[in-house]
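Q: A structural model of the following input is requested.
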Amino acid sequence: MNRSFISRTDVPALLLSGQVMHQRLRPVLHKFIYPVFCVRLDLARTAEAGNVWFGVDRRRPMCVRTRDYGPRDGSDLAGWVRAHLQQAGLPHDGAIWLQTFPRMFGFVFNPVSFFLCHDREGALRAVLAEVNNTFGETQHYLLSAPGQGIIDEHTRLVCDKLMHVSPFCEVRGFYRFRFRDQAGRAPSRGDTAFVGIDYYDHGHPAEAAHGLQPLMRTSIGGHLHPLTTASAFAALCAQPLLTLGVVVRIRWQALLLWRKRVPWFSKPARTATATSSGKETLS
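A: Model prediction:
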């Protein structure tokens, strides 16, 4: 059994440098690819992850603030995630890694961050996806494999769409996630990671494996490196306006879709948030 997941590395933080891809298939074809990087943090070892360029809850050019995630009060994120896992009856005794865009010079916007939840043997058993929209709303989706089994590159994780994200999509249908990690105990240049998200605006999840076409495909993937002083500085030099660029590119791509006359849907009223299981939660 392959258990070479990120949770088994001997470093407290990783840098994922690669690309984000977004492709709309209907009613017009529209695709873009941008270079990006994000960080992965072992939530049990955040105090070890800092250097002169990067820190957790510290003033650095590149940083992660715990109050940007979960309950958004600066409390222990690992404990908050484990409570969700325990409530759902999922293993909650292993490492939890947060994959996210960092704050760059104080600014950040994360369309989606992932809490990658492992068991004590190092196998990926659940993912808590935290989705944010440009209206300041957040939705959490707790994803697990059928039968609560191990998640590998062949596993497809499905949840209903519950929040308005884009004015060019309705709040209906479902997401289909897939995760692929290739990393050993000491990350090297050849280690890679990939997250794919397909959005289906109609149909049933069972049909997705038999030719049902999604409305959109999104992915982020690239190479993994230990997050060191040198790699953090290199990332800062390469993309100092990374997170500001995320918002600018969202607006630009929306303008292009509008010019292509893609139908526009107004934001519906939203009175409560919910997990993918339908239970209300504060998020």
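
Q: show me what contacts residue 250?
A: Residue 250 makes contacts with 111, 134, as judged by C-beta atoms under 8 Å, 6 or more residues apart in numbering. Using the backbone N, CA and C atoms, a C-beta is placed for each residue, glycine as well.

Q: Tell me the pLDDT of it.
A: Each residue has a pLDDT score; the one for residue 250 is 91.

Q: List the residues that contact the residue nearest the centre of the chain.
A: For the chain, the residue whose C-alpha lies nearest the mean C-alpha position (C-alpha atoms, centre = their mean) is residue 113; its distance is 3.1 Å. Listed by C-beta under 8 Å, 6+ apart, the contact set of residue 113 reads 69, 98, 99, 100, 101, 129, 130.

Q: buried sites along the longest helix seen in the chain?
A: Among the elements of the chain assigned as helix by DSSP state H, the one spanning the most residues is helix 242-259. By neighbour count, and taking 16 or more other C-beta atoms under 10 Å as the criterion, the buried residues in helix 242-259 are 242, 243, 245, 246, 250, 253, 254, 257.

Q: Just confirm the second one contacts residue 111, I think it does.
A: No - between residue 243 and residue 111 there is no contact, the gap being 10.7 Å when judged by C-beta atoms under 8 Å.

Q: picking that back up, averaged pLDDT, the helix or strand hosting the residue nearest to the centre of the chain. What do you get?
A: Of the helices and strands defined by DSSP states H and E, residue 113 is found in strand 112-118. When the per-residue pLDDT values of strand 112-118 are averaged, the result is 97.

Q: how big is the angle separating whichever helix or strand comes after that strand from strand 112-118?
A: Next in sequence after strand 112-118, counting helices and strands by DSSP H and E, comes strand 124-132. Between the axes of strand 124-132 and strand 112-118, defined by axes from the mean of the first three to the mean of the last three C-alpha atoms, to 10 degrees, the angle is 160 degrees.
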